[in-house]
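Asker: Predicted model follows, preceded by the sequence.
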There are 2 protein chains.
Amino acid sequence: MILNQLCADDHRTCQTLTEMTSRHLPQEGLGRLRQYVKSDDIWRPDDQSDRVYFVQRGQVTVLYADAQGHETVLRTVEAGQLLGELCFCAPEHSLRETFARATVETMALEVKYSEFVNYLQGDLMALQELLFTFCTRLGQTERRAEILMYRSADARLSRLLLQLAETRGHPHKAQPGPVKLHVSHDELAQMAAMSRAHVTVTMGKLREQGLVSYERNRPLIVNLPQLAAYISKS
Amino acid sequence: MILNQLCADDHRTCQTLTEMTSRHLPQEGLGRLRQYVKSDDIWRPDDQSDRVYFVQRGQVTVLYADAQGHETVLRTVEAGQLLGELCFCAPEHSLRETFARATVETMALEVKYSEFVNYLQGDLMALQELLFTFCTRLGQTERRAEILMYRSADARLSRLLLQLAETRGHPHKAQPGPVKLHVSHDELAQMAAMSRAHVTVTMGKLREQGLVSYERNRPLIVNLPQLAAYISKS
DNA sequence: CAGTTGACGTTAGCCCGCTAACGACGGTTT
DNA sequence: AAACCGTCGTTAGCGGGCTAACGTCAACTG
């Protein structure tokens, strides 16, 4: 009854789950350990989708670049999580179409898709965990799509901040209240698919209204409840 | 070695796979059969995510409505497919946040989440198929997000048309060539998150360039190769 | 057959986000 | 100390999509 128990709590439980698959991997003899320095590409648009990665240290962003070179972040994969899982349903020789790029020094175990599948056959536990990984990411991606549907700047930004605060925010002291985030205006721009300049302008307005607070070289602080209220009455 | 074999071909194979889960369900004693007429809601934003549906006849769209009531289509679920799968990773008593609405007369088997999980425990086959369903939908949703990242009308529309043509298009005669789609400008507007009027304007331009062709009460015909070329050189 | 509905077509004016460019400031490197 | 870089701040002008409204045409409805 694993499926039942594990996710009874909240989304954080699920995030932990997505990390279990890598812990359950056999320790040796599977895959190759890779090292990347900051802004190394793990894969590029015309690489084949024939392998998965288990990020063991560092952080990776999956991003999509249009013809003009504008890059938009599709997902951020943290240490302990699976990367490149889309090859489970991709055609055999399909291409990535995206970049995966290390944001900091990163270590990842590279496993050929076919090897990983072999390993999964015998492990019901791992299969179930993988299912949670997909489900979690589907939910996240749908929320990203929700954000991108809005055309006004503050609708996009405020919703993005809310989502970031909920998923990757360290609750400041006692919850529920302010949440700290380490993210630059430039990164926000890439995630909300808007220009850096206009992120700064819009963030300024949110700051005036007390929904967020930040200064030079200080972490961004999101006032979760007020921001949620602001969005819902918009 | 099911995982290996089934998706070696192309994306269509995967779509078939997502339909298998419902075929493998025990025929009796599980869930309740529900009937819906056109534009009935299967669920609403404040319903609980405590059940899944197997669409047996008809078609369902999952859509998100903002505060102003603008509705955007997140996904379209065809007969034979699973609907409402997000409850696998949602907190136990979480809400849908979206609408699921029948676009035509629809019949669906409603199964409580807990019952379905019970059933999955004993069926490795079904578990693997479910994994494919998630993987396929994650891929589709990422492509939707890709589309929504573009801010110009013809970038969004042309990419949406390409995606629709690839996934749900009947190849016209012999492939590869024109593809027929049954979709109104209004529906395109909801999927690309733009206004109906501007869809009409933009479609007119695409028609002038020979990338699509349509008339009153004629199906929309997408010229796949030319459209793909147009996008990649944009 | 008149009335109704749904889908495509068109336009004027406004609003808003982007581009491009430059400035200020802190931290790090040499 | 000087040079450099990354981050935030600010603005003018422009392009483009939205709103709102109305027109046209075909098919369905009674």
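Answerer: Perfect, I can see it now. Please read these numbers as outputs of a predicted model, since none were measured by experiment.

Asker: Show the subsequent helix or strand relative to the longest helix seen in chain A.
Answerer: Ranked by residue count and defined by DSSP state H, the top helix of chain A is helix A:124-149. Per DSSP states H and E, helix A:124-149 leads on to helix A:153-168 as the next helix or strand towards the C-terminus.

Asker: which parts of that following helix are buried?
Answerer: A:153-165 (16 or more other CB atoms under 10 Å in any protein chain shown). Using the backbone N, CA and C atoms, a C-beta is placed for each residue, glycine as well.

Asker: and it, average pLDDT?
Answerer: In this model, helix A:153-168 carries a mean pLDDT of 92.

Asker: Would that helix count as contacting DNA strand C?
Answerer: Yes - legend: contact between helix A:153-168 and DNA strand C by CB under 7 Å from any atom of the strand is shown at A:153-154.

Asker: helices and strands around that helix, which ones?
Answerer: Other helices and strands packing on helix A:153-168, by 3 or more CB pairs under 8 Å, 6 or more residues apart in numbering or on different chains; DSSP states H and E, are helix A:11-23, helix A:124-149, strand A:178-181, helix A:185-192, helix A:196-208, strand A:220-223, helix A:224-233.

Asker: Could you dump the ones you listed into JSON lines with distance to DNA strand D, mean neighbour count and mean pLDDT added?
Answerer: Converted to JSON lines, the helices and strands packed on helix A:153-168 look like this (distance: least, CB to the nearest atom of the strand, whole Å; neighbours: other CB atoms under 10 Å in any protein chain shown; pLDDT from 0 to 100):
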{"stretch": "helix A:11-23", "distance to DNA strand D": "25", "mean neighbour count": "18", "mean pLDDT": "49"}
{"stretch": "helix A:124-149", "distance to DNA strand D": "10", "mean neighbour count": "22", "mean pLDDT": "87"}
{"stretch": "strand A:178-181", "distance to DNA strand D": "10", "mean neighbour count": "18", "mean pLDDT": "89"}
{"stretch": "helix A:185-192", "distance to DNA strand D": "3", "mean neighbour count": "21", "mean pLDDT": "94"}
{"stretch": "helix A:196-208", "distance to DNA strand D": "4", "mean neighbour count": "15", "mean pLDDT": "95"}
{"stretch": "strand A:220-223", "distance to DNA strand D": "7", "mean neighbour count": "22", "mean pLDDT": "93"}
{"stretch": "helix A:224-233", "distance to DNA strand D": "17", "mean neighbour count": "15", "mean pLDDT": "90"}
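
Asker: Next, format the ones you listed as JSON lines and append distance to B:E71.
Answerer: What follows is these, written out as JSON lines (distance: least, CB to CB, whole Å):
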{"stretch": "helix A:11-23", "distance to B:E71": "25"}
{"stretch": "helix A:124-149", "distance to B:E71": "10"}
{"stretch": "strand A:178-181", "distance to B:E71": "30"}
{"stretch": "helix A:185-192", "distance to B:E71": "21"}
{"stretch": "helix A:196-208", "distance to B:E71": "25"}
{"stretch": "strand A:220-223", "distance to B:E71": "28"}
{"stretch": "helix A:224-233", "distance to B:E71": "17"}
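
Asker: so can I have a markdown table of those showing distance to DNA strand C?
Answerer: Formatted as a markdown table, the helices and strands packed on helix A:153-168 follow (distance: least, CB to the nearest atom of the strand, whole Å):
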| stretch | distance to DNA strand C |
| --- | --- |
| helix A:11-23 | 29 |
| helix A:124-149 | 11 |
| strand A:178-181 | 18 |
| helix A:185-192 | 8 |
| helix A:196-208 | 3 |
| strand A:220-223 | 16 |
| helix A:224-233 | 15 |
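
Asker: For A:K38, list the residues it contacts.
Answerer: A:102-105 (CB atoms under 8 Å, 6 or more residues apart in numbering or on different chains).

Asker: Counting neighbours, which of those residues end up buried?
Answerer: The buried subset of the contacts of A:K38 - by 16+ other CB under 10 Å - is A:102-103.

Asker: Among the contacts of A:K38, which are located in strands?
Answerer: A:A102 (DSSP state E).

Asker: Spatially nearest residue to the spatially most central residue of chain A, not counting backbone neighbours?
Answerer: Geometric centre of chain A, nearest residue: A:T76, 2.8 Å, by CA atoms, centre = their mean. Nearest in space to A:T76, with sequence neighbours left out and distances taken as CB to CB, 6 or more residues apart in numbering or on different chains, is A:T61 at 5.1 Å.

Asker: and that neighbour, how many neighbours?
Answerer: The number of residues packed near A:T61 is 20, by other CB atoms under 10 Å in any protein chain shown.

Asker: surely A:L30 meets A:Y119?
Answerer: Yes - look at A:L30 against A:Y119 with CB atoms under 8 Å: they come within range, at 6.7 Å.

Asker: quick one: A:R196 and B:R156, what's the gap?
Answerer: Taking CB to CB, to the nearest Å as the measure, A:R196 falls 22 Å from B:R156.

Asker: One more: A:R216?
Answerer: Distance from A:R216 to B:R156, by CB to CB: 36 Å.

Asker: Measure how far the longest helix of chain A is from the centre of its chain, please.
Answerer: 10 Å (CA atoms, centre = their mean, to the nearest Å).

Asker: Taking their axis directions, it and helix A:153-168 sit at what angle?
Answerer: 160 degrees (axes from the mean of the first three to the mean of the last three CA atoms, to 10 degrees).

Asker: which other helices and strands contact helix A:124-149?
Answerer: Against helix A:124-149 (3+ CB pairs under 8 Å, 6+ apart) you get helix A:2-6, helix A:11-23, strand A:71-78, helix A:113-121, helix A:153-168, helix A:185-192, strand B:71-78, helix B:124-149.

Asker: returning to what we had before: right, and the helices and strands packed on helix A:153-168 - which one's nearest B:K205?
Answerer: Evaluated over those, closeness to B:K205 peaks at helix A:124-149, with 22.8 Å, by CB to CB.

Asker: between that closest one and helix B:113-121, how many degrees?
Answerer: Going by the same axes, to 10 degrees, helix A:124-149 makes 130 degrees with helix B:113-121.

Asker: Strand B:71-78 and helix A:124-149, what's the angle between them?
Answerer: 140 degrees.
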